[in-house]
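Asks: From the sequence below, what's the structure:
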Amino acid sequence: MKERRINLQKILQLVLLIGLGSVFFSRPLISGIVYPWTGPLYLVVLVYLWFLLMLKQIFSGKIQIKLYLSFVPSLGFLLFMAVSWFYSLNVSQSFWVVVNFFSCFLFFYLTVQIVENDGERNWLLGCFLASSCLVALYGLYQYFYGLDETRHWAEIYLSTKNLASSFKARLSSNRIFSTLIYPNALGGFLILSLSLGVSLLLFYKEETKKLLVRILLVVIIFSSFFCMLLGRPVCIFWAAISSLFMPVLFFTAIGLTFSKGAFLAACGSLMVLSYCFLKYRKRQFMARWTVIAFFFLVCLGIISFALPRSTNIFRTSTVRIGYWHGAVKAIMQNPWIGGGPGTFGFLYANNKSVGDEEETRMAHNDYLQIWSEFGSIAFVFYILFWIITLACMLKAMRKSFQDQDRASPVLIGVTAGLIGFFLHGFVDFDVYVPGISLCVWGLAGVAMTVNGKFRVSLINVETKWLKIFCIIAVFLLSAIIIRSIRNPVTGRIYRVEAMKLFSEGKISLALDLLKRSSSIDSKNAETLFALGRVLEISGRHREALDAYRKSLRYNNKSAAAALSVAVCLQRLEPLMRKDYSKEIIFYLNKAIENYPAKALYRLKLAEYFERIGKKKEAIAEYRKALERKADPKRVLPKIKFLTKKHKNLNIKNLKRG
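Replies: Residues are numbered from 1 along each chain as shown. The predicted structure is shown next:
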């Protein structure tokens, strides 16, 4: 009986490790930005792994929980994240960000609880580095072949007029983005890979050789498949050669992203690794001078890199400062619980300075975005979690330097990578990219198991009935989590498919799918807005009005929804033979309130005032639109015409008087 139990525990441990390894390997390769439904899918996988972990412990007779110092801050963050989600400006949009953060903390917890020895750590590290090699190699393929192929495909199959300006800019540049979609995100991801690759070489051990051989084999197998699929078998040779020199491969890929923030963060990670290596070799004096020399080299690199591109640097810096200014204003508006996860785009539109032309959903600063969306309490817990986690790693690393045989490449590499990740977080949004954030939390969990001292809490589950009760409780909790994410995911899939059909001109089919989507996820503001748009184009203005009003109810900060309600009311006025002027003015003012810096909403209000004969108010709104960089060719003639008409009207009134 004992042998069976031991064998069952070994099988479950193997399944758990395979599950963790598959997450490390596949998450960077599958874009969570292009395929957002993969976020909930990975959460289901992690919940399933947690269920297996609990089964393993229940069958052993003892539920064992490793308690670590950052356990309390992580629970505090998740609790106040839930509060922020409950009071969110847009609950349906917040769902996807909540899923991402919950998955990250669950992944951290699972790695800490499951990983027990160096062999298991090396397995997970190998999965991550093999995936990183494939991501970097695909980036290099893009630079030499892929971007031209993408441009050619876009010219044939896509209407360039309908493409987003950011995507057009990406196609025209030579910046690689691989599976992470954004060049800056690719740079941020490869900082972790670079730190681990360099750490394995600097702190070489016998196990490292086996790990590198396994990584090389995995990369050759997968790259062979993709190269043959793309019809470029010669690339297999270059993939094998590049994988032998992982740090060079990663650093080259970072360079080809042309991301200045990623370059500086990578240099910061390498500085930490150099310091650790020299301190490990008992060269304190050299370690200090290495940091100073590295600092001056980085400064020299920045100057030489920045001067030829000074215009672009100043432009991107100015744009980012505008984002940060908007984020600070949003924090001041709702300091305690924030606007809700994933709502920065609406918060920024509401607090945008006049003259800032850029549209964004990201603050390009992880800390300001989390603070503005989740609130001050959740932000403090988030910072505490990482401070405590990093402090534990540094303490374990300091102990490992005392004995050269105990120095862990995993611990040192992850610590240096995390420092680079935190530095890059000041200028980008890596936390919000699922392919990066999940791996960061997972690697932090793996590093915590190296020389980590945990207070183990044991719950004895000896009796048969108690075991059955625990299994049922764990099963029900897992089922509730999975059930709660089903409707939003299904609804989004229907909505995406409906918008594809709509773009193809299949309006009736699109309408059916959007109605099905709104019935499944009835409080989704995006789905209701899309439904209103399709109904409006179909000429069903009353139904469209209801859909737009519901959309505005579930996302009160949407300027587009407020404008759409006003436009629908204007179209219904002659049909219903009713005066909706008060409502129209209210909703147009609501659109302006939600997005005060945008000229379009001022123009719409001015045009409506002109239409109903309120010339003085129309002139005032046209002038405000002009201040917000409205087209002068369109606005100035209107102001001149209305001013003359207004003066003539005043003269006539005076004569009558």
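
Asks: If I look at the spatially most central residue of the chain, what pLDDT would I see?
Replies: What sits nearest the mean C-alpha location of the chain, by Cα atoms, centre = their mean, is Y432, with 2.0 Å. The per-residue pLDDT reported for Y432 equals 92.

Asks: Kindly report the same for the one 10 residues further on.
Replies: In the prediction, the pLDDT value recorded for G442 is 93.

Asks: Could you tell me how many residues sit around it?
Replies: Per other Cβ atoms under 10 Å, the neighbour tally for G442 reads 25. From N, CA and C alone the C-beta is placed, and that goes for glycine too.

Asks: Let me see the contact set for it.
Replies: L20, V23, F24, F107, F108, T111, L124, F128 (Cβ atoms under 8 Å, 6 or more residues apart in numbering).

Asks: Compile the residues you listed into JSON lines and extend it with columns for secondary structure and neighbour count.
Replies: Listed next are the contacts of G442 as JSON lines, based on DSSP: H, G, I helix; E, B strand; the rest coil; neighbours: other Cβ atoms under 10 Å:
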{"residue": "L20", "secondary structure": "helix", "neighbour count": "25"}
{"residue": "V23", "secondary structure": "helix", "neighbour count": "23"}
{"residue": "F24", "secondary structure": "helix", "neighbour count": "26"}
{"residue": "F107", "secondary structure": "helix", "neighbour count": "29"}
{"residue": "F108", "secondary structure": "helix", "neighbour count": "25"}
{"residue": "T111", "secondary structure": "helix", "neighbour count": "24"}
{"residue": "L124", "secondary structure": "helix", "neighbour count": "24"}
{"residue": "F128", "secondary structure": "helix", "neighbour count": "24"}
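
Asks: okay if I get those residues as JSON lines plus distance to S437?
Replies: Listed next are the contacts of G442 as JSON lines, based on distance: Cβ to Cβ, whole Å:
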{"residue": "L20", "distance to S437": "16"}
{"residue": "V23", "distance to S437": "12"}
{"residue": "F24", "distance to S437": "13"}
{"residue": "F107", "distance to S437": "9"}
{"residue": "F108", "distance to S437": "11"}
{"residue": "T111", "distance to S437": "14"}
{"residue": "L124", "distance to S437": "17"}
{"residue": "F128", "distance to S437": "14"}
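
Asks: Out of the residues you listed, which two are the most distant from each other?
Replies: Maximum pairwise distance in those, criterion Cβ to Cβ, is 14.3 Å, between F108 and F128.

Asks: can you pull out the helices in the stretch 251-400 of the chain?
Replies: Applying DSSP state H, counting those that start in this stretch to the stretch 251-400 of the chain gives helices spanning 260-280, 284-306, 310-333, 344-351, 366-374, 376-401.

Asks: Could you save those helices as a markdown table and add columns showing mean neighbour count?
Replies: Shown next, in a markdown table, are the helices of the stretch 251-400 of the chain (neighbours: other Cβ atoms under 10 Å):
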| stretch | mean neighbour count |
| --- | --- |
| helix 260-280 | 22 |
| helix 284-306 | 13 |
| helix 310-333 | 16 |
| helix 344-351 | 23 |
| helix 366-374 | 26 |
| helix 376-401 | 18 |
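
Asks: Relative to S60, which of the ones you listed is closest?
Replies: Judging the helices of the stretch 251-400 of the chain by Cβ to Cβ, what sits closest to S60 is helix 376-401, at 26.9 Å.

Asks: Now do the closest one against helix 366-374, angle only.
Replies: Following axes from the mean of the first three to the mean of the last three Cα atoms, to 10 degrees, one obtains 140 degrees for the angle between helix 376-401 and helix 366-374.

Asks: elements contacting helix 376-401?
Replies: Helices and strands touching helix 376-401, by 3 or more Cβ pairs under 8 Å, 6 or more residues apart in numbering; DSSP states H and E, are helix 71-86, helix 260-280, helix 366-374, helix 409-424, helix 434-448.

Asks: what stretches of the chain score poorly on pLDDT?
Replies: 1-6, 61, 146-173, 204-244, 280-317, 354-358, 401-407, 451-467, 644-657 (pLDDT under 70).

Asks: the strands in it, which residues?
Replies: Assigned by DSSP state E, the strands in the chain fall at 62-67, 455-460.

Asks: Just give the number of residues close to R571.
Replies: By other Cβ under 10 Å, neighbour count at R571 equals 16.

Asks: For the helix of greatest length in the chain, buried residues please.
Replies: In the chain, assigned by DSSP state H, the helix with the most residues is helix 464-503. Neighbour-count burial for helix 464-503, counted by 16 or more other Cβ atoms under 10 Å, picks out 470-471, 474, 478, 481, 485, 487-489, 491-492, 494-495, 497-499, 501-502.

Asks: starting at the chain centroid, how far to it?
Replies: Centroid displacement of helix 464-503 relative to its chain, using Cα atoms, centre = their mean, to the nearest Å, is 22 Å.

Asks: And stretch 525-544, by the same measure?
Replies: With Cα atoms, centre = their mean, you get 29 Å for stretch 525-544.

Asks: could the helices and strands packed on helix 376-401 go into a markdown table alongside distance to K590?
Replies: Output for these, formatted as a markdown table (distance: least, Cβ to Cβ, whole Å):
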| stretch | distance to K590 |
| --- | --- |
| helix 71-86 | 24 |
| helix 260-280 | 37 |
| helix 366-374 | 22 |
| helix 409-424 | 38 |
| helix 434-448 | 34 |
